[in-house]
Every structure is written in C-alpha cells, then in structure tokens.
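Undergrad: Give me a 3D structure for the following:
(2 chains)
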Protein chains: 2
Amino acid sequence: MFAVTILGNNSATPAYGRFPTAQIVNLNNNQILIDCGEGTQMQFAKYNFRKSKTNFILISHLHGDHYYGLVGLLTSMGLLGRETDIHLYAPAGLEKILQVQFEVSNTEMPYKIHFHPLTKEEIIVDENKFSIECFKVKHTIECWGFIIKEKKAPRKLDKEKAVEYNIPAAYYNSLKEGNDYVTKDGVVIKNELVTIPNTPEKKYVYCADTIYYEDMIDKIKNASLLYHETTYLKDLENKATQYCHSTTIQAATIAKKSNAQKLLIGHFSSRYAELNQFLVEAKEVFDNTELAIEGVTYIV
Amino acid sequence: MFAVTILGNNSATPAYGRFPTAQIVNLNNNQILIDCGEGTQMQFAKYNFRKSKTNFILISHLHGDHYYGLVGLLTSMGLLGRETDIHLYAPAGLEKILQVQFEVSNTEMPYKIHFHPLTKEEIIVDENKFSIECFKVKHTIECWGFIIKEKKAPRKLDKEKAVEYNIPAAYYNSLKEGNDYVTKDGVVIKNELVTIPNTPEKKYVYCADTIYYEDMIDKIKNASLLYHETTYLKDLENKATQYCHSTTIQAATIAKKSNAQKLLIGHFSSRYAELNQFLVEAKEVFDNTELAIEGVTYIV
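TA: Numbers count the residues shown, from 1 in each chain, chains lettered A, B, ... in the order given. Below is the predicted model of the structure:
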C-alpha cells in the first residue's frame, strides 16, 4: 500500500474543528509523518494510527502550525516505552527547540532521535523500496517540499512460468531485474518468458507552504499524487502573494503544468467555514482534484 | 462569579479522549488560565471560551503535559490580532523555550507578554478584587501550586438604609470598610445600621503535580475549593511515591487535614479508562469530592 492520510488540513490557527497540518504516509511497512501541528498525537489516536509505527518524520518549516505538536508526540513515544530509533528531517533550528524542552524537564528518551538538518536539495532517505527527496519551495521562511517515491524492480516474476522452466528461486531477483536465465546445459531462457513488466513506480509530492512557484515544476513533474496548499480562494490572490501562500487556481496550475495525475489541496485559511468552493475553483483548471479532509486516506 | 472549568484532566500522554492539564478560572471579569497542555487552544474553542479574554496565565511546572500547548495558544492570540498585554507566571526556564520558538519563525507579537519567573513563595498578583499566591509543592522538578483568593470589603452596603439616613454616595466605600458615618451636625450613624456582613472571601487552591506533601497544609488551609492531583488509585501508592504523584486517599487526606470545603481531583493516569473508582476511593476519606471532568465548571 502507498497512501496518505490527512490528520490536519488547516492553516495557522485551528478553526471549525480543523487541526493544523499533519499527514501520515504509509508505504509498505513504513509510516512517514509529514509535518506535525499541535494536536497531532490526539489525531493519531482519533484515527487509529499507532505512534509506535512511525519511523520517519519530515518537517517542512518552522511555523508553529507545522511543528508545535512534535515535542508532545516525541515525549509520548518515550513515555510509552518506544525503543526503536526515529529519523527526523527538518530545518536546523528545530534541534535546539527540542533540546531546550527536553533539558528543562530532565527528559531522557528510551529511544534515539536521529536529527537530520535539511541543507540542500537531495535524496535524504534511500531505502530498498522507496526514497525521499527534499526540494525548496518559496515561503516567508526556509521551507521544504518532499518527494516520496517507490522503488520497484523493472519486471514482476511470473512464478508459474518460472517453476515450469525449473528456474531456482535464488535467481528470481535477477529475473525481476530483467536478466535472462542460463541453465547448466547452456540453454538461455529469455526473461520475457518468465516475467511481466512491473507497474509504474508511484510518487507522492508534498509542496508544503509556498507562494505560486514555477521553479519547482521540473522537480515535481509526473507525480501520482500532488499535495499543494490552497490557503485562499482565487479572489484573495493578493493576500496569498503577500503571505507567500497560494490560491486554488495557482495550486491547480502547478498540478497541470507539472503533469500530476491527481491533486490534493489543503492548508485552508481559518477564515473559511466551508471548503467546497476550494474544490469548485481548483477543478476549473485541473479536474482530478480532491479536498484534503481529516481522517480520509488517499491512495497515491 | 468565581468558578473553574476543566479543559484537560489527564496526565502525561493524552488517552481515552482526555486532554492534558489545563483549567480556566473565571473571577469577576478576569480569565486566568492554569497550566496549558497540548491542545488547550482547541479545548478553548470546544467549550466556547474566548482566548482573547485570558489575561493571566500560570504554569505550575515544565513537564510537557502542563505547558506544550502554550506556544500555540500565544501564537494564535497574536494571529487573531490581540493587542492586550498578557501576564505569564512560570518557572524561569519557560522564557527561553518560548523565545527560541518565536525567533526561529521571526514571530513578532502584536501584544506584550510579561514573563514573571516564579522564584519564591509570595503573592504574585495583587489586584483590587483578588490576589494570586504561589507556593511550593514537591515533584520531580521545580513545581508550584497557586492560591487564587477573592478580596472583599468586610461589610456590604444596605443601600435602602443608607439612603434613608441621607448618607452621600461618596461615603459608601468607607461604610463597606466598617466605618461609621458622621453628619455635618456631628451625629454618628453607626455602621451596623446601614451595612450587613459580607459573605466570606472564597479561595481556590491548585496543588499542581505533587507527592503527598503535608508541608503545604498550613498554606492551603480552609480552601473553598481544593484541586489536588490523583494520578493513581490507592493500590498504586508505591508508584505514586516513585514518580512524585499522589493517590486518591492521599489527595483526600490533604483535603481533610487542610479543612477544605470541597475537593476536586484530576490528572488521571492514562492507564485508567474509567474514572469512577477515583471518586469512590477519595470519598472514603473526604466525602465532598468531585471528579475534574473536561468541559465541566465547578463553582468555587
């Protein structure tokens, strides 16, 4: 499974029961938390996610609505006896913020937090089955987007055929890479006979908080699912520009120009009680759009 | 009105939908927030309290379940355009914790936060109609309790009588202080003729997180309403002692020995799904006990 669940979809201050930004990405057996606004640990409980399963945390920038819930989440993980390491990727300033709080309460965690400051656009996590890359977006302070990408072998094994041709299981990975199999007698079994093409690698792109920013289009192109903020409706484009945020039309334009398959919009301003107009406007430019709704899971 | 509303009654980690510690004390037109666990600003909204009305904030100690919600609350007050000063009383370490977080986001508040570090047992707020005093309790780190006390003139005016005796309104305050009135002709109108005794001054005592600690009994005696933590039921007295917390029996014993009129118990451990046994046990020692339930207001 490769899916994202929204824990918070609001900007700045909580409003109308909407929580500040947090998302959980589930990818195979990994649980990746992106941003962690105040109340995220309560949202974990509300939507039945286990805090203990989170192994990566990505923080886009140090505005409170994206990280004020982190110290509480990390503290609770400790109180619940976590022993597994956690990897935290964030702007450098966050390390001190956590340190002063843990120090003042003499907190010693029973698990290790590996703090990785974000410094340049690069692949920050490179696992067997997925990678995470950070890229710059443009906001009032240092702010990062993230690309989470599946890794797949180019071919899938057709196990029945492989058995039929008596290929030892030890060679299955080699087959998935597209190699032929050669028997002891020198007979070549062409790869195409025992494999089929794999499904395409999917990628989830999270654009954090950003002004309309065409510079990132090249990096984020062909996303299976693109999350882009829409703090404002289109009539408040001036305000969006002033505060380095985006409108519905701007988010949808980025989706269109970057050739995304699907667009997910969120980070709604507290001025809006109703969200449907966000969808209506974004669809004017990019039809395959969905609202980021708390508790809802979107398949990448 | 002099009343306290519970916003959070749980200890350490949130559990069973219960939030960490926060209470609002309303006293005349003042709104005093005591402790501010994560999610307190959401609880303000849920229970229809206006953040803008809070003018004093008291933080007992720097364990996260008592202050992790503060930076978010203060930030939201700023985003909502607050201009009124706020007075914050807390252990000294909190100032730096707030500073590093405001600095990293370039936050400039449109209102002034007066930070008052708690240093010794003393009256920290001395207003016309009430005072707040801090006192030491005993926990794993520096921890303070608070006594909020009404101030009343000793006598209440019997206005009908005062008019009957032709006493000018300018002398009413003097009458409330218990003084007689002397007419221009030298006639003494005895105070008792135009006033009645005032109702007693009430006081709310908040004992924060503490081990069973008889040293404070003298300071907190005769509370109209005494809040004392009961992290554990009586069978876990060893655990309570180990972590510098209290059991039901211990809280009720403090209430009894300090001659409280009423006891309010809270800060329940996340191990308990049901709370009723807390009430049953505390009542074995001190009958006039109530559970601190989120959203409920208790008259002092």
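Undergrad: contacts, neighbours, all on C-alpha from now
TA: Will do.
Undergrad: Give me the neighbour count for A:N29.
TA: Number of residues near A:N29 (other Cα atoms under 10 Å in any protein chain shown) recorded here: 11.
Undergrad: What residues does the stretch 1-150 of chain A have near chain B?
TA: A:12-14, A:17, A:38-39, A:41-42, A:62-65, A:68-69, A:71-72, A:75-76, A:79, A:93, A:96-97, A:100-101, A:104-105, A:141 (Cα under 8 Å from any Cα of the partner chain).
Undergrad: 7 Å instead?
TA: Residues of the stretch 1-150 of chain A lying close to chain B by Cα under 7 Å from any Cα of the partner chain are A:13-14, A:38-39, A:42, A:62-64, A:68, A:72, A:76, A:93, A:97, A:100-101, A:104-105, A:141.
Undergrad: Which residues does whatever helix or strand A:L88 lives in contact?
TA: Taking DSSP states H and E as the criterion, A:L88 maps to strand A:86-90. Residues external to strand A:86-90 that are found in contact with it (Cα atoms under 7 Å, 6 or more residues apart in numbering or on different chains): A:55-61, A:112-118.
Undergrad: nearest to chain B, of those residues?
TA: Distance to chain B across the contacts of strand A:86-90 (Cα to the nearest Cα) is lowest for A:H61, with 8.8 Å.
Undergrad: Can you give me the neighbour number for that closest one?
TA: Using other Cα under 10 Å: A:H61 sits among 27 other residues.
Undergrad: ok, it touching A:G145?
TA: No. Counting by Cα atoms under 7 Å, A:G145 is not a contact partner of A:H61; they are 9.2 Å apart.
Undergrad: And the residue lying closest to A:R18 once chain neighbours are set aside, how close does it get to A:S270?
TA: Once flanking residues are discounted, A:R18 sits nearest to A:N10: 5.7 Å by Cα to Cα, 6 or more residues apart in numbering or on different chains. A:N10 sits at a distance of 7 Å from A:S270 (criterion: Cα to Cα, to the nearest Å).
Undergrad: after the helix or strand where A:V100 lies, next one along is what?
TA: Using DSSP H and E, A:V100 sits within helix A:94-104. Moving toward the C-terminus from helix A:94-104, the next helix or strand (DSSP H and E) is strand A:113-117.
Undergrad: Pull up the pairing partners for that following strand, direction included.
TA: If you go by DSSP bridges, strand A:113-117 pairs up with strand A:86-90 (parallel).
Undergrad: Most distant residue from the centre of chain A?
TA: Distance from the C-alpha centroid of chain A, by Cα atoms, centre = their mean, peaks at A:D185 (49.0 Å).
Undergrad: OK, contacts around that one?
TA: If you count contacts by Cα under 7 Å, 6+ apart, A:D185 has none.
Undergrad: and A:I265, that one's in a strand?
TA: Yes. A:I265: assigned to a strand according to DSSP: H, G, I helix; E, B strand; the rest coil.
Undergrad: what's across from it in the sheet?
TA: With DSSP bridges as the rule, A:I265 is bridged to A:H228, A:L291.
Undergrad: Tell me the confidence at it?
TA: You'll see A:I265 listed with a pLDDT of 98.
Undergrad: likewise A:S131?
TA: A:S131 is given a pLDDT of 98.
Undergrad: Surely it and A:F146 touch.
TA: No. Using Cα under 7 Å, A:S131 is not in contact with A:F146, being 10.2 Å away.
Undergrad: how close does the residue nearest to A:R18 sit to chain B?
TA: To chain B, A:N10 is 13 Å away according to Cα to the nearest Cα, to the nearest Å.
Undergrad: Run through the residues that contact that residue.
TA: Counting by Cα under 7 Å, 6+ apart, A:N10 touches A:18-21, A:266-270.
Undergrad: and with 6 Å instead?
TA: By Cα atoms under 6 Å, 6 or more residues apart in numbering or on different chains, the contact set of A:N10 is A:18-20, A:267-268.
Undergrad: A:I299 now?
TA: Counted by Cα under 6 Å, 6+ apart, A:I299 has contacts A:A3.
Undergrad: So which residues of the stretch 151-300 of chain A form strands?
TA: In the stretch 151-300 of chain A, the strands defined using DSSP state E, counting those that start in this stretch lie at A:155-157, A:181-182, A:188-189, A:195-197, A:203-206, A:225-229, A:263-266, A:289-291, A:297-299.
Undergrad: So for B:V163, which of those strands sits nearest?
TA: In terms of Cα to Cα, the element of the strands of the stretch 151-300 of chain A nearest to B:V163 is strand A:263-266, at 65.7 Å.
Undergrad: Count the neighbours of A:G186 for me.
TA: As a burial measure, A:G186 scores 8 neighbours (other Cα under 10 Å).
Undergrad: likewise the one 5 residues further on?
TA: With neighbours defined by other Cα under 10 Å, the count for A:N191 comes to 19.
Undergrad: isn't it right up against A:E177?
TA: No. A:N191 is beyond contact range of A:E177, at 9.2 Å (criterion: Cα atoms under 6 Å).
Undergrad: so what's in contact with those two at the same time?
TA: Residues touching both A:N191 and A:E177 (Cα under 6 Å, 6+ apart): there are none.
Undergrad: Could you find the closest non-adjacent residue to A:S60?
TA: Distances taken as Cα to Cα, 6+ apart place A:W144 nearest to A:S60, at 4.8 Å, with adjacent residues excluded.
Undergrad: before we move on, back to that, which of the strands of the stretch 151-300 of chain A sits closest to B:K202?
TA: Closest of these to B:K202 is strand A:263-266, at 48.8 Å (criterion: Cα to Cα).
Undergrad: Need the residues that contact that closest one.
TA: With Cα under 6 Å, 6+ apart, strand A:263-266 has contacts from A:9, A:225-230, A:289-292.
Undergrad: Determine which two of these are furthest apart.
TA: A:N9 and A:L225 (16.3 Å).
Undergrad: burial of whatever residue of the stretch 101-250 of chain A ends up closest to chain B, as a residue count?
TA: Closest residue of the stretch 101-250 of chain A to chain B, Cα to the nearest Cα: A:S105 (5.7 Å). A:S105: 16 surrounding residues under other Cα under 10 Å.
Undergrad: Quick check: it vs B:K96, distance?
TA: From A:S105 across to B:K96, the span is 13 Å (Cα to Cα).
Undergrad: Next: A:K283.
TA: Between A:K283 and B:K96 the distance is 46 Å, computed by Cα to Cα.
Undergrad: same check, this time on A:E229
TA: Noted for A:E229: a distance of 32 Å to B:K96, by Cα to Cα.
Undergrad: cool, and A:V163?
TA: Using Cα to Cα, A:V163 is found at 66 Å from B:K96.
Undergrad: picking that back up, show me the two of the contacts of strand A:86-90 that sit farthest apart.
TA: A:H61 and A:K112 (22.1 Å).
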